[in-house]
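Participant: Need a 3D model of the sequence below.
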Amino acid sequence: MDIFTSDKPSRLASSDWFTGRVWQDAVIEAPEPARVRALRVTFEPGARTAWHTHPLGQTLHVLSGVGLVGLRGAAPRVIRAGDTVWIPPGEEHWHGATADTMMCHLAIQESLDGSVAEWLEHVSDKDFARAPD
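Facilitator: Residues are numbered from 1 along each chain as shown. Take a look at the predicted model:
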């Protein structure tokens, strides 16, 4: 058994994959043969991921605030504290805070051949501003 202490500092997410200020706190990166990876991700208002996919899917559980999750070709959907979202493998999507509210979620995904995500282009301001369903 391992206990991973919570004394690691939060880190600012890379602008290669995020727009705006996004903070990440590692929860678990399980050693092989386990594949689970989890992060607590806090998005400042207007911040969001780039478009991306996950080889084995992703679960998002909203811890606080109000956010958006978008699929390619569809209006984003609103997500709130307590909501859980399942994104199937290979589905192009993005997620982040609304324009005026922070959002924090737990992001859980599994690694396949050392990869948890394939990053694509940044979400445009037009796609972000599209009226939610």
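Participant: and the closest residue to A129 other than its chain neighbours, how many neighbours does it have?
Facilitator: Here the nearest residue to A129 in space, its sequence neighbours aside, is A99; by C-beta to C-beta, 6 or more residues apart in numbering that works out to 7.6 Å. Where C-beta positions appear, they are placed from N, C-alpha and C, glycine not excepted. As a burial measure, A99 scores 11 neighbours (other C-beta atoms under 10 Å).
Participant: now A74
Facilitator: Other residues lying near A74 total 10 when counted by other C-beta under 10 Å.
Participant: sorry, back to before: doesn't F43 make contact with the residue nearest to A129?
Facilitator: No. The criterion here is C-beta atoms under 8 Å, and A99 misses it with F43 at 11.1 Å.
Participant: list the contacts for the residue nearest to A129?
Facilitator: Residues near A99 by C-beta atoms under 8 Å, 6 or more residues apart in numbering: 45-46, 128-129.
Participant: Now do the SS call for it.
Facilitator: coil (DSSP: H, G, I helix; E, B strand; the rest coil).
Participant: And the helices in the chain?
Facilitator: For the chain, the helices defined by DSSP state H occupy 125-129.
Participant: I'd like to know which elements the lengthiest strand in the chain is packed against.
Facilitator: Among all segments of the chain classified by DSSP state E, the strand with the greatest residue count is strand 58-71. Other elements packing on strand 58-71 under the criterion 3 or more C-beta pairs under 8 Å, 6 or more residues apart in numbering; DSSP states H and E are strand 36-43, strand 77-80, strand 84-87, strand 93-97, strand 103-110, helix 125-129.
Participant: most tightly surrounded among those?
Facilitator: For those, the largest average neighbour count (mean count of other C-beta atoms under 10 Å) is found in strand 93-97, namely a mean of 24.
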